[in-house]
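# pasting the structure only:
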């Protein structure tokens, strides 16, 4: 068994999704109120419910279309069966190839050092997510090093240094206005020489100049690949779940600027907009890798699609 029992993790997930569950089921219940069968009016109401639950228009239309096909095929479907059908449809949208990622924090790493390059706008919980990742991997017995390559803001470097001290992991930093690629190179070079297992590198969160961001991230990848051909292994986009549809827009921007292959959704415990996970997974075909369910270091979990759907459709605590 790992650091925390599966039951503890599931309990944290259930509690963290309470606000989303309450909103989600309230809207679905109103959509089918007084109806016994799923007809066009119920589907219209359900469509509105899913969209206002931040599932997203594109993904909602896909779910409704699939429901219509099932109704045509099975001829009669009662509203009592709707939750089970929705659960099945959403599960299919979330199940995606997880690349070559470790299954959990305790699992053997596919590469050493395993390099995670973290991107995302300021304010989404990027630095805190890095700290939680470092904590989780360290507690799992792995040697972790941080790199402060968000040199655009002095506060970003200082904040990451504070977290490195709290978590008690080494950090490579060159202060504000240093070349981010130089910081990334030095971090990876140091990690290799010190036989580190995991390297987590912070990057600038500005999006006002997408071309500049693209060039910067490309340069960081290029210099790291001089030391390790396939680095970085995860390009992790951190998103604030409470921003709902804005998180989808950020995903569009960052996926056009760099090759994002993993997502982290933070602040799920404080929002009713957890449905955004469904839309982002479906639209971008990028696996949600981590979810943040609270302030504690242990409240960052590796995302399990089956557990998420089970929690979403379980009764609210």
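Noted; the coordinates are in hand. Here the structure is a predicted model, which is why all the values come from computation and not from measurement.

# Next, please give the residue ranges for the strands of the stretch 201-317 of the chain.
Using DSSP state E, counting those that start in this stretch, the strands of the stretch 201-317 of the chain run over residues 234-240, 262-266, 288-292, 300-302.

# Just give the strands next to the last one in its sheet, each with its orientation.
Paired neighbours of strand 300-302 in the sheet (DSSP bridges): strand 288-292 (antiparallel).

# For the strand it pairs with, give me every contacting residue.
Strand 288-292 has contacts (Cβ atoms under 8 Å, 6 or more residues apart in numbering) with 13, 16, 94, 101, 125, 128-129, 132-133, 234, 236, 241, 262-269, 277, 280-281, 299-303, 305, 308. For the C-beta atoms, the positions are set from N, CA and C on the backbone; glycine is no exception.

# Please identify the next secondary structure element, helix or strand, after the helix or strand hosting residue 146.
Residue 146 belongs to strand 144-149 when assigned by DSSP states H and E. As assigned by DSSP H and E, the chain's next helix or strand after strand 144-149 is helix 154-167.

# Could you name the helices and strands sitting against that next one?
Here helix 154-167 touches helix 126-139, strand 144-149, strand 171-172, going by 3 or more Cβ pairs under 8 Å, 6 or more residues apart in numbering; DSSP states H and E.

# Just want the most central residue of this structure.
Centroid-nearest residue in the chain, with Cα atoms, centre = their mean: residue 264, separated by 2.0 Å.

# okay, now residue 176: neighbour count?
Neighbourhood size, residue 176 [other Cβ atoms under 10 Å]: 15.

# quick one: the closest residue in space to it that isn't next to it in sequence from residue 125, how far?
Closest residue to residue 176 apart from its sequence neighbours, by Cβ to Cβ, 6 or more residues apart in numbering: residue 154 at 4.0 Å. According to Cβ to Cβ, to the nearest Å, residue 154 and residue 125 sit 19 Å apart.

# Residue 256 now?
Per Cβ to Cβ, residue 256 is found 22 Å from residue 125.

# need the contact list for the closest residue to residue 14 other than its chain neighbours.
Once flanking residues are discounted, residue 14 sits nearest to residue 311: 5.0 Å by Cβ to Cβ, 6+ apart. The contact partners of residue 311, by Cβ under 8 Å, 6+ apart, come to 10, 13-14, 17, 21.

# Which pLDDT does the model give residue 311?
Looking at residue 311, its pLDDT is 85.

# for residue 152, same thing?
86.

# so how many other residues sit close to it?
Residue 152 - counted by other Cβ under 10 Å - has 17 other residues nearby.

# go on, residue 230?
The number of residues packed around residue 230, counting by other Cβ under 10 Å, is 11.

# isn't it right next to residue 112, touching?
No. Using Cβ atoms under 8 Å, residue 230 is not in contact with residue 112, being 11.7 Å away.

# Packing partners of the longest helix along the chain?
Criterion DSSP state H: the longest helix present in the chain is helix 57-74. In this structure, helix 57-74 packs against helix 40-52, helix 82-94, helix 276-284, with contacts taken as 3+ Cβ pairs under 8 Å, 6+ apart.

# Just put the helices and strands packed on helix 154-167 in CSV and tack on mean neighbour count.
Formatted as CSV, the helices and strands packed on helix 154-167 follow (neighbours: other Cβ atoms under 10 Å):
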stretch, mean neighbour count
helix 126-139, 23
strand 144-149, 28
strand 171-172, 22
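
# No further questions, thank you.
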